[in-house]
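> Predicted model and sequence follow; I will ask about them next.
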Amino acid sequence: LTDAEQRVMKALWTRGEASVRDIADDLGRTRPLAYNTVLTVLRILTEKGYVHPRAEGRAYVYAPLVSRSEARSQ
């Protein structure tokens with residue numbers, strides 16, 4: 001995982017599931033990532049099989065499909 005992917009996954013592991021806005025807000029407290037950047041990273045993580053999106057109204061909520069230890073071993 002890239003640095004940005006690791007940061008997004010860490011936010012997801014902490015929350016359990018989250019929207020793009022939730023993750024962008026969480027990451028904004030330390031080293032900000034723009035909303036569009038978080039969206040792009042989540043799209044890439046979805047393609048890699050690390051997260052699963054679920055439609056909730058007009059937004060998507062993402063949940064991790066792998067644990068921290070599984071991600072480290074890959």
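Yes, it's here.

> the strands in the chain, which residues?
Counting by DSSP state E, the chain has strands at residues 18-19, 51-56, 59-64.

> Correct me if wrong: residue 68 contacts residue 6.
No: in this structure, residue 68 is not within contact of residue 6 by Cβ atoms under 8 Å, at 10.0 Å. (Each C-beta comes from the backbone N, C-alpha and C, glycine too.)

> quick check: mean pLDDT across stretch 39-50?
This predicted structure assigns stretch 39-50 an average pLDDT of 96.

> quick one: contacts of it?
1, 4-5, 8-9, 20, 23, 33, 51-53, 62, 64-66, 71 (Cβ atoms under 8 Å, 6 or more residues apart in numbering).

> just the buried members of these?
Burial by neighbour count, 16 or more other Cβ atoms under 10 Å: within the contacts of stretch 39-50 this picks out 1, 4-5, 8-9, 20, 23, 33, 51, 53, 62, 64, 66, 71.

> Distance to residue 44 for the residues you listed - can I get that in a markdown table?
Listed next are the buried ones among the contacts of stretch 39-50 as a markdown table, based on distance: Cβ to Cβ, whole Å:
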| residue | distance to residue 44 |
| --- | --- |
| 1 | 10 |
| 4 | 9 |
| 5 | 7 |
| 8 | 9 |
| 9 | 11 |
| 20 | 13 |
| 23 | 13 |
| 33 | 13 |
| 51 | 9 |
| 53 | 12 |
| 62 | 12 |
| 64 | 14 |
| 66 | 14 |
| 71 | 14 |
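
> So what's the predicted local confidence for residue 61?
At residue 61, pLDDT is 97.

> Give the bridge partners for it, please.
For residue 61, the beta-bridge partners are residue 19, residue 54 (DSSP bridges).

> residue ranges with poor pLDDT in the protein?
The chain contains no residues with pLDDT under 70.
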